[in-house]
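Undergrad: Structure for this input, please:
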Amino acid sequence: IAAKRFIVADAIADEFTALLADQVERITVGDPTADGTTMGPMARADLRDALHRQVTDTIRQGAVLVTGGRPLDGPGFHYAPTVLDRVEPGMTGFTEETFGPVACVVRARDDDHAVELANDTMFGLGAAVWSGSGRGLAVGSRIRSGALFVNALVASDPRLPFGGIGRSGHGRELGAEGVREFTNVRTVFVGAGPASDPARTE
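TA: Numbers count the residues shown, from 1 in each chain. This next block holds a predicted model:
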């Protein structure tokens, strides 16, 4: 459920991107069993290749590489934690789902533009909105997603139903709704029967 697109108000986008890049550069990539490692490798070479293609395509389309953006040498399929800035609709990093350590910063003029950008996707698993709680809920209620978190990271909780919309799937897991996904509902219809049926009552 990791965040992929960070839609940020123009007024704070420069500061946000600098702070994000600073934190990303503190990530220690390496053997996940080693002390001090905070990020391990990707699962397979083809997945890393696909992610690198998405990053290079997005840069070629006009995005700004802030940090990372390359495969790392050594055992395992490591990829440098990456921040791309000024990602816009139509760019690969905006339209495709990235499964790897890549954060795409998208700049919004105002709340309406932020909602428009958030909804410009074929996916819709979870959305997190960070703002004053009233404003965050007002903006978030206009975003199409299976889950909405205001001032909190998107997460699953066994007490609550969880699932997406669009190409992020349908149906729900967890919670009472998730239990129902594993049940079969049987329909039984009994008609009135013939007039001579002694069981029939008027």
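Undergrad: And the strands in the protein?
TA: Using DSSP state E, the strands found in the chain span residues 5-9, 64-67, 82-85, 102-108, 126-129, 147-150.
Undergrad: Please identify which of those strands is closest to Arg186.
TA: Of all the strands of the chain, strand 147-150 sits nearest to Arg186, with 30.7 Å by CB to CB. (C-beta placed from N, C-alpha, C; glycine too.)
Undergrad: So what's the residue count around the closest residue to Ile59 other than its chain neighbours?
TA: Of all residues not flanking Ile59 in the chain, Leu65 sits nearest, at 5.4 Å (CB to CB, 6 or more residues apart in numbering). Counted with other CB atoms under 10 Å, the neighbours of Leu65 add up to 15.
Undergrad: Could you give the bridge partners of Leu65?
TA: On the basis of DSSP bridges, Leu65 is bridged to Leu84.
Undergrad: surely it meets Thr82?
TA: Yes: contact criterion CB atoms under 8 Å: Leu65 and Thr82 qualify, at 7.5 Å.
Undergrad: Need the overlap of contacts for these two.
TA: Counting by CB atoms under 8 Å, 6 or more residues apart in numbering, the residues touching both Leu65 and Thr82 are Val55.
Undergrad: Spit out the contact partners of Ala43.
TA: Applying CB under 8 Å, 6+ apart, we find Ala43 in contact with Phe77.
Undergrad: With Thr58 instead?
TA: Listed by CB under 8 Å, 6+ apart, the contact partners of Thr58 are 84, 87, 91-94, 104.
Undergrad: Can you report how many residues lie near the closest residue to it other than its chain neighbours?
TA: Leaving aside its sequence neighbours, Thr58 sits nearest to Gly93 (CB to CB, 6+ apart; 3.7 Å). Using other CB under 10 Å, Gly93 has 25 neighbouring residues.
Undergrad: so which of the strands of the chain is the most packed in?
TA: Most buried of the strands of the chain, by mean neighbour count (mean count of other CB atoms under 10 Å): strand 82-85, with a mean of 25.
Undergrad: on contacts alone, who are the packing partners of it?
TA: If you count contacts as 3 or more CB pairs under 8 Å, 6 or more residues apart in numbering; DSSP states H and E, strand 82-85 packs onto helix 10-24, helix 45-60, strand 64-67, strand 102-108.
Undergrad: Turn the contacts of Thr58 into a markdown table, including distance to Val154 and pLDDT.
TA: Shown next, in a markdown table, are these (distance: CB to CB, whole Å; pLDDT from 0 to 100):
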| residue | distance to Val154 | pLDDT |
| --- | --- | --- |
| Leu84 | 20 | 98 |
| Val87 | 19 | 97 |
| Met91 | 23 | 96 |
| Thr92 | 23 | 96 |
| Gly93 | 19 | 95 |
| Phe94 | 19 | 93 |
| Cys104 | 16 | 97 |
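Undergrad: Please tabulate those in a markdown table and include distance to Asp57 as additional columns.
TA: Output for the contacts of Thr58, formatted as a markdown table (distance: CB to CB, whole Å):
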| residue | distance to Asp57 |
| --- | --- |
| Leu84 | 11 |
| Val87 | 11 |
| Met91 | 8 |
| Thr92 | 4 |
| Gly93 | 8 |
| Phe94 | 11 |
| Cys104 | 12 |
